[in-house]
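Visitor: Could you look at this predicted model? Sequence included:
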Amino acid sequence: MKGKVYLVGAGPGDPGLLTLRAVEALRECDVILYDRLVDPAVLRFAGASAQAIPVGKEAGPGSGELQARINEMMLAHALSGKMVCRLKGGDPMVFARGWEEIAFLREHGVEVEVIPGVSSITACASSAVIPLTHRGLSSSVAVITAVDMNGRLLTDLILRNLALNGTVEILMGARRLHEICRALLEAGTDSSLAVAVVEKASTPEERVIMGTLREISELDGFQSPATVIMGPTVGLAMRREEASRSEGYL
């Protein structure tokens, strides 16, 4: 009898942001394959006999080979009749290669269930108290990965979306944020554009850096995972912070 694979979103970092359904899946599964960005504290919800296997990977050379091995591991455990939890940071269907894993498993006749997770797209903004939308200010949000699958910066895509005067959110861009900011400035982007960098959102190590595009371009050494938020709504948060400082709250 074949087992089953659950693709489970572990949320942005704080184990308390796991969904109830995710906790149920962790308790049910025999094997848990968890990513690099998943807090190991999440594993406390696993059954006592569950086997937890770290399968963390980073973008770059070799990630494709590791992904293939992860696929084979899921398949082997499922074909042996085990219930498998594939635990991913954030939501499994957002920049997480979730569909690739689903397609592979279905091709081999394995049942897959996707359990949504709290995505960093919204969690980073909420944790940092930065609105992504605001009436009369921003009615759209564009979510963009910093680079394409070949490692090229997606500056043109970022520029096109900034031109819509909405909010632009850049994922997986911490290491190349300096390059991104410089490229935007060279392309003529307003240097006073409000920018926020949210590192390790929802964890005790969370750090929020806000400033203008020019100011952020002069900084470096941002820590991954980090989400970059650009646009007029960030300006609201910046003004709130400035007011709090002047009133002695910060």
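Guide: Structure's in. What do you need? Note that the structure is predicted; figures quoted are calculated from it, not measured.

Visitor: Any buried residues in the helix ranked longest in the chain, and which?
Guide: Using DSSP state H, we find that the single longest helix of the chain is helix 63-79. If you call a residue buried by 16 or more other Cβ atoms under 10 Å, then helix 63-79 has these buried ones: 67, 70-71, 73-75, 77-78. For glycine as for every other residue, the C-beta is placed from the backbone atoms N, C-alpha and C.

Visitor: Kindly report the same for stretch 128-135.
Guide: So stretch 128-135, judged by 16+ other Cβ under 10 Å, has buried residues 128, 130-132.

Visitor: residue closest to the middle of this protein?
Guide: Geometric centre of the chain, nearest residue: residue 120, 4.4 Å, by Cα atoms, centre = their mean.

Visitor: any idea how far residue 73 is from that one?
Guide: To residue 73, residue 120 is 25 Å away according to Cβ to Cβ, to the nearest Å.

Visitor: same question, residue 13
Guide: To residue 73, residue 13 is 24 Å away according to Cβ to Cβ.

Visitor: re the thing from before, could you export the buried residues of stretch 128-135 to a markdown table, including columns for distance to residue 38, secondary structure and pLDDT?
Guide: Formatted as a markdown table, these follow (distance: Cβ to Cβ, whole Å; DSSP: H, G, I helix; E, B strand; the rest coil; pLDDT from 0 to 100):
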| residue | distance to residue 38 | secondary structure | pLDDT |
| --- | --- | --- | --- |
| 128 | 21 | coil | 97 |
| 130 | 24 | coil | 98 |
| 131 | 28 | coil | 97 |
| 132 | 24 | coil | 98 |
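
Visitor: Pick the one among these closest to residue 114.
Guide: For the buried residues of stretch 128-135, the minimum distance to residue 114 (Cβ to Cβ) is 23.6 Å, reached by residue 132.

Visitor: Hmm, the closest one is touching residue 122, no?
Guide: Yes. Contact criterion Cβ atoms under 8 Å: residue 132 and residue 122 qualify, at 7.1 Å.

Visitor: hey, where'd the helices end up in this structure?
Guide: So, for the chain - with DSSP H - the helices run 20-28, 63-79, 98-107, 120-127, 155-162, 177-186, 213-217, 232-246.

Visitor: Check these for me and report the most buried one.
Guide: A comparison of those by mean neighbour count, using mean count of other Cβ atoms under 10 Å, puts helix 120-127 on top with a mean of 22.

Visitor: Can you give the contact residues for that one?
Guide: The contact list for helix 120-127, computed with Cβ atoms under 8 Å, 6 or more residues apart in numbering, reads 11-13, 17, 89-90, 94, 131-132, 141, 143, 169, 171, 198, 201-202, 206, 225, 227, 229.

Visitor: chain center to it, what's the gap?
Guide: On the basis of Cα atoms, centre = their mean, to the nearest Å, helix 120-127 sits 9 Å off its chain's mean C-alpha point.

Visitor: now swap in stretch 165-184 and tell me
Guide: What separates the centre of stretch 165-184 from the centre of its chain is 14 Å, taken as Cα atoms, centre = their mean.

Visitor: Grab the CA positions of that stretch and hand them over as CSV.
Guide: Provided in CSV are the C-alpha atoms of stretch 165-184 (Å, rounded to 0.1, in the frame of the first residue of the first chain):
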residue,chain,number,x,y,z
ASN,A,165,3.1,53.3,-8.1
GLY,A,166,2.0,50.3,-6.0
THR,A,167,4.0,48.3,-3.5
VAL,A,168,6.9,46.1,-4.7
GLU,A,169,8.1,43.2,-2.6
ILE,A,170,11.4,41.5,-3.4
LEU,A,171,12.1,38.0,-2.0
MET,A,172,15.4,36.3,-1.7
GLY,A,173,17.3,39.5,-2.4
ALA,A,174,19.3,40.2,0.8
ARG,A,175,22.7,39.2,-0.6
ARG,A,176,22.3,41.3,-3.8
LEU,A,177,20.3,44.2,-2.4
HIS,A,178,23.2,46.7,-2.8
GLU,A,179,23.4,45.8,-6.5
ILE,A,180,19.6,46.0,-6.9
CYS,A,181,19.5,49.5,-5.4
ARG,A,182,22.4,50.8,-7.4
ALA,A,183,20.8,49.4,-10.6
LEU,A,184,17.5,51.1,-9.8
